[in-house]
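Peer 1: the sequence isn't on hand, but the structure is:
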């Protein structure tokens, strides 16, 4: 058998990527090399002699250092390639792009919910959110009442009642980082335009007092932002009954909301990748990046996150930072993570995961190359802390860990009314209230997991479609989803259990 699909992406690369699996003895096209062993799909094969201790490059950037001599035709992975600290340059603003924005009359539209504060939602939910872990059961029971068949028929046009619970809210003091992050997250969800209304449920004696949280987040209770204390209500059963009554009143108002035409500039898209493989950085991630460039040209906003997963490729963002201040904020985040991950046995390289490595990603440096590609080629206009409002159009970076539920929770709190999620291994994920579009990096996984995937990016490897053309199709899917088209994760019911505020832990 002769391999026909091998990607050698940069003239300085010592390796190439096998699009398909390669058997031992196969000839590598455009070389005089026969493989010396089997190379799995998405994995790396040496195309030149690599000496022990030599740096190894992918796309012209260092992804590791050889742990042994490697001959042409050998498989390159964990057994012979080790982690190397980031070599990324930190030249802020060295390659700024000339931004291109469409005239207002050329910006496409979608059908969204224009809220009273001017923000636009892509869904029309009522939220029930716990201020503390102790109120989780009551929060769930209130929402469960409205999931029974036929109950929501009285309020057509409402997408549902979402219960959001977590494991914190007490034994955390005012002013500490964890409390600040929790309140920013809860506040971001309370004002999120995909919620027509929100009921905040507390126990009553917790550290995260609802009144203090509302004051901290500059939120004012009213007809569509209500609060409930279990202790004041008279206990669990009384609180559930009271919560059902409060939610029913908000549902009556939410049912009056109607979709209307709004410009694509109102889209705020959180960019996520999970279960990545060796093809993610070649297909789904850069295709999503092309869609992001299209979105930004329309005046929209994209939020890139997962700070540990830009380590080694931070230069690709720093060189596009619009100001020195923006670039320095990103450098400060990376320096914090560099110090923080020293507590972990493998430091930064504790990420990639076992699934990432099985899919062909050997080091965090290699994984980061693909992760950064989700942000496209546009300028970096802002860097924000976890769950802070994303209030500028363009590409924004938000600090977060690399754990998808925690990271996406922060993006939604920041205002993302849509999530675009790339995966190579097949992540199962949703993030209510924001619909999550799942983009598969390879066709075999897409076909195997059709019930979970929304879009196949593997076809770009056939050469019949460019990344730019695929990016345009992804952008059109964003508009359709924002207009109400259900994603696979929504159909399956994902999105409540994935609510996971960050509590300063290296991998959680």
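Peer 2: Noted; the coordinates are in hand. Keep in mind it's a predicted model, so treat the numbers as computed, not measured.
Peer 1: residues in contact with the host helix or strand of residue 356?
Peer 2: In the assignment (DSSP states H and E), residue 356 maps to helix 354-358. Contact with helix 354-358 is made by 77, 78, 275, 276, 277, 367, 425, as judged by CB atoms under 8 Å, 6 or more residues apart in numbering. Quick note: C-beta positions are derived from backbone N, CA and C, even for glycine.
Peer 1: do I have it right that the fourth one meets residue 373?
Peer 2: No. Contact between residue 276 and residue 373 fails when scored by CB atoms under 8 Å: they sit 10.7 Å apart.
Peer 1: which residues are in contact with each of those two?
Peer 2: With contacts taken as CB under 8 Å, 6+ apart, the residues that reach both residue 276 and residue 373 are residue 285.
Peer 1: residue closest to the middle of the protein?
Peer 2: By CA atoms, centre = their mean, the mean C-alpha position of the chain lies nearest to residue 272, the distance being 2.2 Å.
Peer 1: for residue 474, see how far away residue 374 is.
Peer 2: Remark: distance between residue 374 and residue 474 (CB to CB, to the nearest Å) = 11 Å.
Peer 1: looking at the two, which is more packed in?
Peer 2: More neighbours surround residue 374 than the other of residue 374 and residue 474, with 30 against 24 (other CB atoms under 10 Å).
Peer 1: the closest residue to the more buried one other than its chain neighbours bridge partners, please.
Peer 2: Excluding the flanking residues, the one nearest residue 374 by CB to CB, 6 or more residues apart in numbering is residue 271, at 4.3 Å. Beta bridges link residue 271 to residue 304, residue 420, judged by DSSP bridges.
Peer 1: what about residue 271, how many neighbours?
Peer 2: Neighbour count of residue 271, defined by other CB under 10 Å: 31.
Peer 1: try residue 466
Peer 2: Residue 466: 12 surrounding residues under other CB under 10 Å.
Peer 1: next: residue 460.
Peer 2: Residues lying near residue 460 (other CB under 10 Å) number 22.
Peer 1: does it really touch residue 471, like I thought?
Peer 2: No. The pair formed by residue 460 and residue 471 falls short of the contact definition of CB under 8 Å, at 9.8 Å.
Peer 1: overlap in contacts of those two?
Peer 2: By CB under 8 Å, 6+ apart, the residues touching both residue 460 and residue 471 are residue 287.
Peer 1: can you give me the helices in the stretch 401-508 of the chain?
Peer 2: Assigned by DSSP state H, counting those that start in this stretch, the stretch 401-508 of the chain shows helices spanning 404-414, 443-448, 467-482, 488-492.
Peer 1: report the rounded mean pLDDT for the second one.
Peer 2: When you say that, I think you mean helix 443-448. The average pLDDT within helix 443-448 is 96.
Peer 1: sec struct for residue 94, please.
Peer 2: coil (DSSP: H, G, I helix; E, B strand; the rest coil).
Peer 1: run through the neighbouring helices and strands of the helix or strand residue 365 falls within.
Peer 2: Using DSSP H and E, residue 365 sits in helix 364-372. Contacts defined by 3 or more CB pairs under 8 Å, 6 or more residues apart in numbering; DSSP states H and E place helix 364-372 against strand 61-66.
Peer 1: the strand it packs on pairs with which strands?
Peer 2: Paired neighbours of strand 61-66 in the sheet (DSSP bridges): strand 55-58 (antiparallel), strand 81-82 (antiparallel).
Peer 1: beyond the last one, next helix or strand please.
Peer 2: Moving toward the C-terminus from strand 81-82, the next helix or strand (DSSP H and E) is strand 109-114.
Peer 1: residues contacting residue 78?
Peer 2: Shown in contact with residue 78 (CB under 8 Å, 6+ apart): 357, 362.
Peer 1: residue 282 too?
Peer 2: Residue 282 sits next to 7, 9, 17, 370, 441, 460, 461 when contact means CB under 8 Å, 6+ apart.
Peer 1: coming back round to it: now the common contact residues for residue 374 and residue 474.
Peer 2: Common contact partners of residue 374 and residue 474 (CB under 8 Å, 6+ apart): 288, 420.
Peer 1: show me the chain divided up by domain.
Peer 2: Listed by automatic domain parsing, the domain ranges of the chain are 1-82, 125-254, 269-492.
Peer 1: and residue 93, which of those is closest to it?
Peer 2: Minimum separation from residue 93 across the domains of the chain (CB to CB) falls at domain 269-492, 5.4 Å.
Peer 1: can you give me how far that closest one is from the chain middle?
Peer 2: How far domain 269-492 lies from its chain's middle: 5 Å, per CA atoms, centre = their mean, to the nearest Å.
Peer 1: same deal with stretch 250-260?
Peer 2: 29 Å.
Peer 1: can you list the buried residues in the single longest helix found in the chain?
Peer 2: Under DSSP state H, the helix in the chain containing the largest number of residues is helix 236-254. Judged by neighbour count (16 or more other CB atoms under 10 Å), helix 236-254 contains these buried residues: 239, 240, 242, 243, 244, 246, 247, 248, 250, 251, 254.
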